[in-house]
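S.K.: Pasting the sequence and the predicted model now:
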Amino acid sequence: MLQALIFDVDGTLADTESAHLEAFNQAFAEDGLDWAWDEALYTELLHVSGGKERIRHYWNSTRAGLVDVAGDGITHTIARLHEMKTAAYEDRVKQGQVQLRPGVLALIESAHRAGLALAIATTTSPVNISALLRQAIGPDWRSFFTVIEDASTAPNKKPHPQVYLQTLQRMGLSADQCLAFEDSANGLQSARVAGLATVITPTRYTADHNFDGALRVLPDLGDVSVAQLRSWHAQLS
């Protein structure tokens, strides 16, 4: 029997990536770098999970000869850039530039009323989650979620299954009692390795990903009800 729904955040709860892209470019400019990521490049970079990891991958793959003139090391430079990017992203969320995707809030509310446990399993930073959901749901947003696992608690980024395994452990549930919601191939792989049937709602940034093995691939959650989820889950048995 279905007991819980487990949600990714970026791309799944909200189509955040355009705001993230703008925030990365703002951070680069503020730090005096001549880096400027366009949408095509950022779509490729999204195959790498994690903001810091994305910066490092770009640095290593295309700017290997870059000299760290600040003298504080690549790791510290990446951390500084990511901190600046996070602040720029949070500003955009506060300005209302990021909205929940269709059907997300209605499903969260109806599942909560129906007695399903809800959880977040993401490898984004806690401040990004809080900024988004405080704006979209309200100051009591945490009351909807039994468990929240994020980059601070699950440092191994997707497609590693750590974040889902820890979420299941903390919820005290087995994978066959839950459904996961993702938007990317890395997220799907992470959830599937943890044993979770997974509903995929791609964005334009992930539309070309391979979603073999997903329970369903949908444009969004606008027409998805708790009853449908229970029916899909029951068919897995």
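M.R.: Structure's in. What do you need? This one's a predicted model, so the numbers in the text were calculated from it and none came from an experiment. Residues are numbered from 1 along each chain as shown.
S.K.: rest of the way, CA atoms for contacts and neighbours
M.R.: OK.
S.K.: how does this protein divide into domains?
M.R.: Annotated domains of the chain cover 4-16+99-234, 17-94 [automatic domain parsing].
S.K.: Check those for me and report the most buried one.
M.R.: domain 4-16+99-234 (a mean of 19; mean count of other C-alpha atoms under 10 Å).
S.K.: rounded to a whole number, what's the mean pLDDT of it?
M.R.: Confidence for domain 4-16+99-234, expressed as mean pLDDT, is 97.
S.K.: cool, stretch 46-64 as well?
M.R.: pLDDT averaged over stretch 46-64 gives 87.
S.K.: OK, contacts around A136?
M.R.: Residues in contact with A136 (C-alpha atoms under 8 Å, 6 or more residues apart in numbering) are Q99, L100.
S.K.: So in this protein, which helix runs the longest?
M.R.: Ranked by residue count under DSSP state H, the longest helix found in the chain is helix 73-94.
S.K.: So what touches it?
M.R.: Helix 73-94 has contacts (C-alpha under 8 Å, 6+ apart) with 19-20, 22-24, 26-28, 31, 51-52, 55-56, 68, 98, 127-128, 131-132, 135.
S.K.: Mind checking what secondary structure F181 has?
M.R.: strand (DSSP: H, G, I helix; E, B strand; the rest coil).
S.K.: any idea how far it lies from Y42?
M.R.: 22 Å (C-alpha to C-alpha, to the nearest Å).
S.K.: ok, now D34?
M.R.: 16 Å.
S.K.: Check L13 too.
M.R.: Distance check for L13 against Y42: by C-alpha to C-alpha, it reads 19 Å.
S.K.: Who are the contact partners of L221?
M.R.: Per C-alpha under 8 Å, 6+ apart, neighbours of L221: R101, P102, G103, V104, L107, T201.
S.K.: In space, what's closest to G51 - neighbours in sequence excluded?
M.R.: Nearest non-adjacent residue to G51, counting by C-alpha to C-alpha, 6 or more residues apart in numbering: H82, 6.8 Å away.
S.K.: Pick the one among the contacts of L221 closest to A117.
M.R.: L107 (12.2 Å; C-alpha to C-alpha).
S.K.: ok, I129 - contacts?
M.R.: V9.
S.K.: what's near enough to touch A121?
M.R.: Counted by C-alpha under 8 Å, 6+ apart, A121 has contacts I6, F7, D8, V9, I148, E149, D150, V163, Y164, T167.
S.K.: Please name the residues that touch the second one.
M.R.: With contact set as C-alpha under 8 Å, 6+ apart, F7 has these partners: L13, L118, A119, I120, A121, T122, A180, F181, E182.
S.K.: Who does the second one form a beta bridge with?
M.R.: In this structure, L118 bridges to L5 when assessed by DSSP bridges.
S.K.: Start from the N-terminal end of this structure and give the helices.
M.R.: 17-30, 39-45, 51-62, 73-94, 104-113, 126-136, 162-171, 185-193, 226-234.
S.K.: Cheers, nothing more for now.
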